[in-house]
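Peer 1: Build the 3D model from these lines:
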Amino acid sequence: MSTRIAFLKGHGTENDFVIVPDPENALDLTPAAVAALCDRRAGIGGDGVLHVVRSAAHPEARHMADEAEWFMDYRNGDGSIAEMCGNGTRVFARYLQRVGHVAEGDIAIATRGGVKRIHLAKDGDVTVGMGRARLPEGDVTVSVGERSWPARNVNMGNPHAVAFVDDLAQAGDLLAPPPFSPAAAYPDGVNVEFVVDRGPRHVAMRVHERGSGETRSCGTGACAVAVATARRDGADPAVTGTPVTYTVDVPGGRLVITERPDGEIEMTGPAVIVAEGEIDAKWLENAAR
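Peer 2: Numbers count the residues shown, from 1 in each chain. Modelled structure (predicted):
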């Protein structure tokens, strides 16, 4: 392991990440090492790790290398692997721009959820093409304490359960994963969003992210919330031929989600790099064990 391991810290609507540039995929980022990096007291602190690797250098991304030079090897804060992270994708794109790998305009990034199209705007916002939502059939219920709510099952490349509540405080502390049923609906766990209305096509949410706990924002969750809210409101762009846009407030800021008639979903929001430095390689080696 190199004695000099670079890192950066960034966030998108306060969903924060440790960014580890590793173009040739030389680092062995074990789950224990990732969890240590994300530890807010004994590590750098973050909701997850953005491992920056050239697609051609990663076995899970080589088949996407012709479309996207860079692969976002995303890890949750507990070290587990995730299919996709919307806020992370915006921060990943901002990192690539910062170091000169890409320029303002349209770029592509490989993820475990497929190749994502990103637009880096002049005003600083980043728009990510999040793909299409799938709405699996079947009733789902989520619970907090003695209360339960029906939830909409939405898959954005990762699983979500969207529950509409009267007050966001009803979600409790969200430290532990809210129980759900049936268990077969989410065999690998689920991200759970609690949603309240703020106005016409304007909602607010809190989220428990699978593998991270409550986070200040969740990009795929905001997309799932927008789709679930649109269907609740009787809006389906595939039927009407008209795009539908929702503003989604998260604890860390605001995201704007648009679903197009072809089913593609676009998410727009900020992405900020706040610091950079070096990881103590010996510490990381010990943490990785």
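
Peer 1: which residues touch the residue positioned nearest the centre of the chain?
Peer 2: Centroid-nearest residue in the chain, with CA atoms, centre = their mean: residue 85, separated by 2.4 Å. Contacts of residue 85 were listed using CB atoms under 8 Å, 6 or more residues apart in numbering, and they are 15, 48, 72, 74, 219, 220. For the C-beta atoms, the positions are set from N, CA and C on the backbone; glycine is no exception.

Peer 1: How about residue 151?
Peer 2: The contact partners of residue 151, taken as CB under 8 Å, 6+ apart, are 140, 141, 142, 161, 162, 163, 180, 192.

Peer 1: beta partners for the last one?
Peer 2: Translated: residue 192. Residue 192 has the following beta-bridge partners by DSSP bridges: residue 161, residue 208.

Peer 1: And it, how close does it get to residue 213?
Peer 2: 11 Å (CB to CB, to the nearest Å).

Peer 1: And for the fourth one?
Peer 2: When distances are taken as CB to CB, residue 161 and residue 213 turn out to be 16 Å apart.

Peer 1: Repeat that for residue 50.
Peer 2: To residue 213, residue 50 is 18 Å away according to CB to CB.

Peer 1: of these two, who's got more company?
Peer 2: Counted by other CB atoms under 10 Å, residue 50 and residue 213 do not tie: residue 50 has more neighbours, with 23 against 17.

Peer 1: quick one: which helix or strand includes that one?
Peer 2: Using DSSP states H and E, residue 50 sits in strand 48-54.

Peer 1: ok, that strand: who's next to it in the sheet?
Peer 2: Strand 48-54 is paired, per DSSP bridges, with strand 15-21 (parallel), strand 70-76 (antiparallel).

Peer 1: I'd like the average pLDDT over the last one.
Peer 2: Across strand 70-76, the average pLDDT comes to 97.

Peer 1: which residues touch the strand holding residue 50?
Peer 2: The contact list for strand 48-54 (CB under 8 Å, 6+ apart) reads 10, 17-25, 27, 29, 34, 37-38, 61, 65, 69-77, 82, 85, 88, 91-92, 95-96, 212.

Peer 1: ok so, going back, identify whichever of the strands paired with strand 48-54 lies nearest to residue 132.
Peer 2: For the strands paired with strand 48-54, proximity to residue 132 was assessed by CB to CB; strand 70-76 is nearest, at 19.1 Å.

Peer 1: Please enumerate the helices of this structure.
Peer 2: Ranges of helices in the chain, per DSSP state H, are 31-38, 86-98, 219-232, 237-240, 281-287.

Peer 1: want to throw these into JSON lines with mean neighbour count?
Peer 2: JSON lines is the format used below for the helices of the chain (neighbours: other CB atoms under 10 Å):
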{"stretch": "helix 31-38", "mean neighbour count": "21"}
{"stretch": "helix 86-98", "mean neighbour count": "26"}
{"stretch": "helix 219-232", "mean neighbour count": "26"}
{"stretch": "helix 237-240", "mean neighbour count": "13"}
{"stretch": "helix 281-287", "mean neighbour count": "15"}
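
Peer 1: And the ones you listed: which comes nearest residue 175?
Peer 2: Residue 175 lies closest to helix 31-38 among the helices of the chain, at 15.6 Å (CB to CB).

Peer 1: ok so, going back, what subset of the contacts of residue 151 is buried?
Peer 2: Buried by 16 or more other CB atoms under 10 Å: 140, 142, 161, 162, 163, 180, 192, out of the contacts of residue 151.

Peer 1: my read: residue 163 touches residue 147, true?
Peer 2: No: at 10.0 Å, residue 163 and residue 147 do not qualify as touching, with contact defined as CB atoms under 8 Å.

Peer 1: which residues of the protein score low on pLDDT?
Peer 2: 1-3 (pLDDT under 70).

Peer 1: Run a quick neighbour tally on residue 15.
Peer 2: Neighbours of residue 15 using other CB under 10 Å come to 31.

Peer 1: ah, wrong one, I meant residue 272
Peer 2: Counted by other CB under 10 Å, the residues lying close to residue 272 total 15.

Peer 1: Contact partners for it?
Peer 2: Contacts of residue 272 (CB under 8 Å, 6+ apart): 10, 11, 12, 91, 94.

Peer 1: Show me the two of the residues you listed that sit farthest apart.
Peer 2: Pairwise distances across those peak at 9.9 Å for 11 and 94 (criterion: CB to CB).

Peer 1: so what sits against both of these two?
Peer 2: In contact with both residue 11 and residue 94: 271, 272, using CB under 8 Å, 6+ apart.

Peer 1: In stretch 126-143, which residues are buried?
Peer 2: Neighbour count says stretch 126-143 has 126, 127, 128, 129, 130, 131, 132, 133, 140, 142, 143 buried, by 16+ other CB under 10 Å.
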